[in-house]
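A.B. asks: any chance you can model this:
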Amino acid sequence: MRAITIMYDSLNRKYLPCYGDMVSVMPNFRRLQEKTVTFDRFYVGSLPCIPARRELHTGRYNFMHRCWGPLEPFDDSVAVDLGRHGVYSHCVTDHAHYWQEGGSTYHTKFTTCEMIRGQEGDFWKGEVKGFKENLDLHRQDEVNRFYMEPEENHPHVKTCRAGLEFLEKNYKEDNWYLHIEYFDPHEPYFVPEKYKKLYTEQDAPFDWPFYGEVEEGSREVEEARTNYRAVLSMMDYYLGKVLDFMDEHDMWKDTMLIVNTDHGYMLGEHGYFGKNYMPCFEEIVHTPFFLWVPEIGHAGERRGQLCQTIDIAPTILDYFGIEPDKDMKGKSLLPVLENNEKIHDYILFGYFGKHVNITDGRYVYMRSGRKADGCLNNYTVVPLHMFHPFSVEELSKTERELTDEFGFTKGVPVMKIPAEGASSPNNTCYQFEEHMKYGDLLFDLEEDGKQRSPMKDAALEQKMIEAMRRLMAENEAPKELYERIGI
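C.D. replies: This next block holds a predicted model:
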C-alpha cells in the first residue's frame, strides 16, 4: 500500500475552481476534483501553521494547551506509527518554520526528509550589506529572491521535483508514505512573471500583505489578490506534474492521495489582511480537502459531512490497517468516503488564547474570553516559541509549576507556564487580549454564508455552549479555560 499527501499553506478555498471560483486559472485542480472526492465541510482544528502541523501528526487538538511549538516527547506521530509497522515515510518540504526553533522535531519523525530552503525570509543566504538587526524577514526575503530565479530555482519547484524523484525511485515498491509539503501560497507571493501575466499586464508590486485592517476595494487588495492567484496558478502547474506521474504509472489503482492545507487566509474579506488577530471567519478555518482511496473509489463525488484536520492522521493509519493511538481524538475519513457516514456532530477549532469556536456545519459559535489575566497557560516540556525559546522571565515566574493532570502526556509532568500575551515579543502568534474586543459571535452559514450579520438566539447559543463544554472535556481542556471563557 502507498499513500501521498500534498499539503499547502494558507490556501483560501474561495479562490479554487473546485469551490466555485471563476477567475483562477487552475486546470489541474479541476482535474484533481475529477480524480478524487471533494469535501465541502472540512475545517481546521488549531491555528496557525505549526499548531496545525502538531495536529497532523497527533490527531488531537493543540490550541487548548499551548501556542506555537515543537512536538512534545509524549506526542504520538503518524509518521512514527507507520515506521513501527514497516511503512517507510518520506517528507519533502520548503516550509521554513521547520528549521526555526518552534517548528523543530517534526521533520525528524519521518524515515527521511528533504528540506528546501528560501521561503518567506528564511535565514538562508548570507549578505552583510544592509544588515541592521536580527529577525528582519523582509530584508532576508530580498536577499533570497536573487537565488530563487529562474523558475527552476524556486523552492516550490524544487519541492515538487524532490517529490517526483522519490516517486520515480520508489513507485514500484510497497509500504511507503510520501508527504509533499509546500509553503505556498503563504505570503510573500513571489512567482515568475508568466504566472502574473495570466491575470494582468499591469505592474502589481504589492505581493506581501501586512497583517492589519484594509479597505476591501483598495489597490492593495486588488494587487494582493492578483499576486495570490498567480501563486495558485504556479501551484496548479506543479500539482499537474504529480497527477501526470500517477496517470503514467497507473497509481490511482493502489495509492491513496490527500490534498489539503493548514488554514486559509484573508485577502480583504471583512476588511482584513492575513490571519491570527481577527475572529475565525470561514475564509481562515473552512478549508479545501480532497481524498482518493482506490479501494473505495467514488471519483468526482463530493461529501458534505463535518470533518477536520485531526481526522487526517487516523485516516492514514486506517488506510494502512494500523490502529490509531488511544490519544488520537480524530476519526478516520474512510467511512465518510465509503458510506457517507457522519463522524462528528460538532467540532472545535481556534487559536491558543483566543475564541473557542464550535460548529455543527451550519451554525458557528465563537466564544470570547471573559478574563485576560491568570487563566491562560502553556503546558509543555519543550518551551520554545516561534523564533526563540521561552524567555528567562517566563521560565522563572514564581507561578510556574509541574502538573500531570492530562492523560495524553502519558504520565509525564509538564510545565504550566503563564502566557504573557500581546506584550511578549516571543508570543507572536497570538494576542489574547486583542480578540476580546470582538465578543461572542454566532452565525448561520446557510442564511449568512459570508458572516456579515451575527445573529442573536439565546437557546441556540446555550445549545452550542453545552456541546462546547462536552468536547472540551473529551479533549482534556485545562480547568482554567472554562473560567476564561465563562462556561
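A.B. asks: so what's residue 266 up against?
C.D. replies: Shown in contact with residue 266 (C-beta atoms under 8 Å, 6 or more residues apart in numbering): 12, 272-275, 278, 281, 283-284. Glycine gets a C-beta too; all of them are placed from N, C-alpha and C.
A.B. asks: now, which of those sits nearest residue 480?
C.D. replies: residue 278 (24.3 Å; C-beta to C-beta).
A.B. asks: the contacts of residue 266 in strands, which ones?
C.D. replies: 273-274 (DSSP state E).
A.B. asks: closest to residue 403 among the contacts of residue 266?
C.D. replies: residue 275 (30.5 Å).
A.B. asks: the closest one and residue 265, how far apart?
C.D. replies: According to C-beta to C-beta, to the nearest Å, residue 275 stands 6 Å off from residue 265.
A.B. asks: show me which pair in the contacts of residue 266 is furthest apart.
C.D. replies: So, those by C-beta to C-beta: farthest apart are 12 and 278, at 13.9 Å.
A.B. asks: got the buried residues for stretch 144-152?
C.D. replies: 144, 148 (16 or more other C-beta atoms under 10 Å).
A.B. asks: average pLDDT across it?
C.D. replies: The average pLDDT within stretch 144-152 is 96.
A.B. asks: how far is it from where the chain is centred?
C.D. replies: Centroid separation for stretch 144-152 versus its chain: 26 Å, with C-alpha atoms, centre = their mean, to the nearest Å.
A.B. asks: residues in contact with it?
C.D. replies: The contact list for stretch 144-152 (C-beta under 8 Å, 6+ apart) reads 118-119, 121-122, 124-125, 153-155, 157-158, 190, 192.
A.B. asks: between residue 12 and residue 278, who's got more neighbours?
C.D. replies: residue 12 (25 against 22; other C-beta atoms under 10 Å).
A.B. asks: and that one, what does it touch?
C.D. replies: For residue 12, the contacting residues are 228, 264-267, 283, by C-beta under 8 Å, 6+ apart.
A.B. asks: same thing but 7 Å
C.D. replies: 264-265, 267, 283 (C-beta atoms under 7 Å, 6 or more residues apart in numbering).
A.B. asks: which of these sit farthest apart?
C.D. replies: Maximum pairwise distance in those, criterion C-beta to C-beta, is 9.4 Å, between 264 and 267.
A.B. asks: nearest to residue 138 among the contacts of residue 12?
C.D. replies: residue 265 (18.3 Å).
A.B. asks: pretty sure that closest one contacts residue 9?
C.D. replies: No. At 8.9 Å, residue 265 does not count as touching residue 9 under the criterion of C-beta atoms under 7 Å.
A.B. asks: identify the contacts common to those two.
C.D. replies: Overlap of the contact sets of residue 265 and residue 9 (by C-beta under 7 Å, 6+ apart) is empty.
A.B. asks: separation between residue 263 and residue 71?
C.D. replies: 19 Å.
A.B. asks: these two: which is more packed in?
C.D. replies: residue 263 (29 against 21).
A.B. asks: who's in contact with the more buried one?
C.D. replies: Contacts of residue 263 (C-beta under 7 Å, 6+ apart): 10, 44, 47-48, 52, 275, 284-285, 287.
A.B. asks: so where do the helices sit in the stretch 101-250 of the chain?
C.D. replies: 137-147, 155-170, 193-196, 219-248 (DSSP state H, counting those that start in this stretch).
A.B. asks: before we move on, back to that, let me have the contacts of residue 12 in TSV, extended by neighbour count, pLDDT and distance to residue 3.
C.D. replies: Compiled in TSV, those are given as follows (neighbours: other C-beta atoms under 10 Å; pLDDT from 0 to 100; distance: C-beta to C-beta, whole Å):
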residue	neighbour count	pLDDT	distance to residue 3
264	25	98	24
265	24	97	27
267	25	97	32
283	24	98	29
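A.B. asks: buried residues, the helix or strand hosting residue 393. List them.
C.D. replies: Here residue 393, judged by DSSP states H and E, is contained in helix 392-395. Neighbour-count burial for helix 392-395 flags residue 394 (criterion: 16+ other C-beta under 10 Å).
A.B. asks: who does the next helix or strand after it pair up with?
C.D. replies: For helix 392-395, the following helix or strand on the C-terminal side (DSSP H and E) is strand 401-403. Strand 401-403 has the following sheet partners, assigned by DSSP bridges: strand 414-418 (antiparallel).
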